[in-house]
Each structure stands twice: as C-alpha cells, then as structure tokens.
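Novice: Sequence first, predicted coordinates after that:
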Amino acid sequence: MQKTMRGTHIILLTFFLSSFLSINAQQETSISLEEVLSKAVENNYTIKISEEDLNAAKAAYNQTKSVFLPNINVSYSGIATTNPLMAFGSKLNQGILTAEDFNPDLLNDPESTTNFATKFEIEQPIFNMDGFQMRKAARSKMNAIELQSLRTKDYMTLEVTKAYMQLQLAYKAVDVLENAKKAALANKKLADNNFKQGYMQKADVLLVEIHVTEVENQLQTAKSNIINASDYVKHLIGDTNEAVLKPSNVLNAELDLNIYNVAFTTNRTDIAAMEESTNAYNHMYKASKLGFVPSLNAFGSYEMYDKDIFKTNSGGYLVGAQLSWNIFEGYKRIGETQKTKAEFNKASLNLNEYKSKSELEFNKAKRQLKDAENTLNLTNLAVEQAKEALRIRTNRFEEGLEKSSDLLISETQYLQKQLEYLQTVFNYNFTKSYVEFLTK
C-alpha cells in the first residue's frame, strides 16, 4: 500500500514538474538583436517624443511664412444707433442720404438707424528684413531639432543594444551558476559518502553544504536579473507582452581591431545640430539689428453696407501702403540686440567646447576599448587556470588527499573567474558599440 502511494506521489510530482517546466518554456520568447532594434525604432517612447519635437519645429517654421504671405480677414457686423455722427455716416455708407437728412433737427436728433457691414481686409508684407532673418532662424532651429532626432535614434540604438547585451549576460550567468550548482551538489554527495565512511568530519560536510546554499542564492539572483533585464528591453521597444525575452544571439566577444584606426570626425549629427543651433542664434542677432530698418506693407479693404441684414446696397474699396520706421523704443531694441549678440557668442563658445569634449571622450573611449581587450585576454587565461586548478583539486579530493576547504576555494575562484570573464565580454562589446556611436 505504501509503495503504491509512494509511486502515485512520484507520478503526480513528475506531472506537476513537467507542467511547471512547460509553462516556463511557454513564457520565454526568443528574439534577435535585429528584431529588438527594429521594434525600438517603431515603438520607443523617447524616439516618438523626439519626432513630435521635430513636428513642432516644422510647424513653427511654417508660421514664418507670414513674412511674405498675405493676411486676409472677413467680418460681418450690425449696429443700431441714435448717435448723430454714426447715424449720418451709416446712411452715407449705405448710399441712401437725401436732402431731408441735412435738416439740422434730424442731424442733431436722428431716429434709430441700423447698419449692416460686410468687410474684406487684406494685408500684404512687402519689405520686412527682420522677418526674413527670423524665418532663417526658425529654419536653422528646425534643422537642429531634426539632427537631434537622428542622434536620439542613434543613442537609443546604443541603449537598446546595451540592454540586449545585459540580457545575454544574465542568461550566461545563469548557465554558469547552474553548472556550478551541479558541481557543488556532486561534491556534496561525495562529501556525504566520505562522512558516512568516516573519512570526513561533520564540519567539513557543513562547509560543503554552505557552499551549495551560496551558489543556489547566486543562481536565484541571476534568474531575477533575467526578468529585470527582459523587462527593461521590453520597456525600450514598447512591448507589453508578459513573456520573458530570451536572446537568440549568444554573448561572445566581438573583436574588431580595425576600429582602433578610426579617427575622430566632427561630421556627427549631434555636432551638426549644435552648428545649426548656433546659426539660429546668428540669424536672431541679425534680425535684431535689422529691426532698425524700415518695413513696408500694403493693405486694402472692400466694404459693403445696407440697412437690412444680409443685403449689400452699396460698397467701396480702400487700398494703400505703409512705410513704418521704429526709430527709438526707449532702449528696448538696443538692449535686445545686445542680448541676442551675447546669446550668439555663447552658442559659438558652447559649440567649440562641445567639439573639444567630444574628441576627448572619443579618445578616452578608444583607450577604454583597448583596456577592455587586454582585460578580456587576461580573464580568459584566468578562467583556464582556475578550471585546471579545480580539476586537480577535485581529483585529489576524491582520493582523500585534499581538504574540503581547499576544494571550496577552488570552486569559488573558478565560479568568480567565469562571471568576471562574462562581465569583461560585456564590457568589451559595449565599449566597442560606444566607440562606433561616437563616430556616427
């Protein structure tokens, strides 16, 4: 009876375990770096925000078309008045004045008069030099934001690539720790057998058990890191699926010796954006100076009047031109010119400083890449040495010639060197991607 129940428990345990593994397998979705980058371009919030900034800049530039396009206005109004001047003028506009309307009694005390007016107005700029410069400034600003939007896409490509690498690193770390757990459990089994046979003390067995627990804790943390890295990748690509992402690309060192020959260039989109921004300040400064130049505008209107609503008994037109010259505004325009000049000078200095810092950052990144390559070679060698040391001590431990504490030290060192190597691979690959980003 007990054997039957025990067998039933084993079958149920196996069933639930297989179901659990099946569910976990369904929750993982394999994805390549190319797919992640493609989805990021389409769904990333930062990229979408930069695109809307560009749309706003384009709209602001379109507003400057008012410099050469006319302003057209249509209005319809109606009044009723006993004001002598308004009443006489309304009848005059309507073309219905008679000799009786010149009677002084009627002029001084008119009856209520109604007037309905339809008016078409047009204003046409002809010569506004400051407006043309402001339009150029808006165009330069639009170009700067467009270049910044491109740079944002490049940066988010770098950020998504980094997040994908972190996901690769998290899965690799779990693989390493699972192998370390298997080795630790095998040594624990051997230690238990030696203890039963009287070859090992209880304290040594406890040390082995503590090591197994430490590895299991590290493994649990590594599995949590997978979910965290997966969630961050999904955030960057706008994925709301609950499945855990699994990289189809394996984490390997992608060595590229040709990248050391790449020189710094100022033909980058971020530098070009700052140059366009500086141009915008320059045009604003010129616009302030040209504010002292007179402007010429034409205007015209056509008006129709009637005493009854929605009728047009009479009408007339008015055309003209205005040359205006604002000579002095209480030092306001002079101060504005001084301010825009200072802003232009500041933008020029910021541009030169940014170029200098960018070159400094590029050279620093190339040195970091070389350091990462050297560290990669050294940590790879350290892994091989730690692996050989562990193999020797494991064999000696099985023969009873090595202490459990020495074996645990070798296991820990081998595990640490493997994890250090994975981190070094990540550092090298990301630094290489960063150097490539600095050359775009």
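Specialist: That came in fine, so what should we check first? What you are looking at is a predicted structure, and each value in this text was computed from that prediction instead of being measured.
Novice: Count the residues that sit near F68.
Specialist: 13 (other Cβ atoms under 10 Å). C-beta coordinates here come from the backbone N, C-alpha and C atoms, glycine included.
Novice: need the contact list for it.
Specialist: If you count contacts by Cβ atoms under 8 Å, 6 or more residues apart in numbering, F68 has them with P125.
Novice: Relative to V293, how far out is it?
Specialist: According to Cβ to Cβ, to the nearest Å, F68 stands 16 Å off from V293.
Novice: pLDDT of stretch 422-440, averaged?
Specialist: Across stretch 422-440, the average pLDDT comes to 94.
Novice: Just the element for E146, please.
Specialist: helix 129-196 (DSSP states H and E).
Novice: how about the closest residue to E123 other than its chain neighbours, what does it touch?
Specialist: Excluding its sequence neighbours, the residue lying closest to E123 (Cβ to Cβ, 6 or more residues apart in numbering) is N71, at 4.3 Å. By Cβ under 8 Å, 6+ apart, N71 lies in contact with 122-124.
Novice: Any idea how many residues pack against V425?
Specialist: 22.
Novice: you'd agree it is up against A253?
Specialist: Yes. V425 is in contact with A253 according to Cβ atoms under 8 Å; the separation is 4.9 Å.
Novice: Now do the shared contacts for these two.
Specialist: Common neighbours of V425 and A253 (Cβ under 8 Å, 6+ apart) are L376.
Novice: ok, now how distant is F437 from K48?
Specialist: Distance from F437 to K48, by Cβ to Cβ: 21 Å.
Novice: Kindly report the same for R151.
Specialist: In terms of Cβ to Cβ, R151 sits 15 Å off from K48.
Novice: which stretches of the stretch 301-440 of the chain form helices?
Specialist: 332-398, 404-438 (DSSP state H, counting those that start in this stretch).
Novice: Please identify the deepest-packed of these.
Specialist: helix 404-438 (a mean of 19; mean count of other Cβ atoms under 10 Å).
Novice: Now do it: which elements does it pack against?
Specialist: Judged by 3 or more Cβ pairs under 8 Å, 6 or more residues apart in numbering; DSSP states H and E, the packing partners of helix 404-438 are helix 129-196, helix 202-237, helix 332-398.
Novice: Map the structural domains onto the sequence of the protein.
Specialist: 29-69+128-292+331-438, 70-126+297-326 (automatic domain parsing).
Novice: Give me the residues contacting stretch 399-414.
Specialist: 180, 183-184, 187, 191, 194, 199-200, 204-205, 207-208, 211, 383, 386-387, 389-390, 393-394, 396-397.
Novice: Look at stretch 88-108 and report the distance between its end residues.
Specialist: Taking Cα to Cα, to the nearest Å, stretch 88-108 runs 10 Å from one end to the other.
Novice: With respect to N62, which of the helices of the stretch 301-440 of the chain lies nearest?
Specialist: Nearest to N62, of all the helices of the stretch 301-440 of the chain, is helix 332-398, at 22.9 Å by Cβ to Cβ.
Novice: How far away from the center of its chain is that closest one?
Specialist: 21 Å (Cα atoms, centre = their mean, to the nearest Å).
Novice: can you check stretch 257-266 too?
Specialist: For stretch 257-266, the distance to the chain centre is 26 Å (Cα atoms, centre = their mean).
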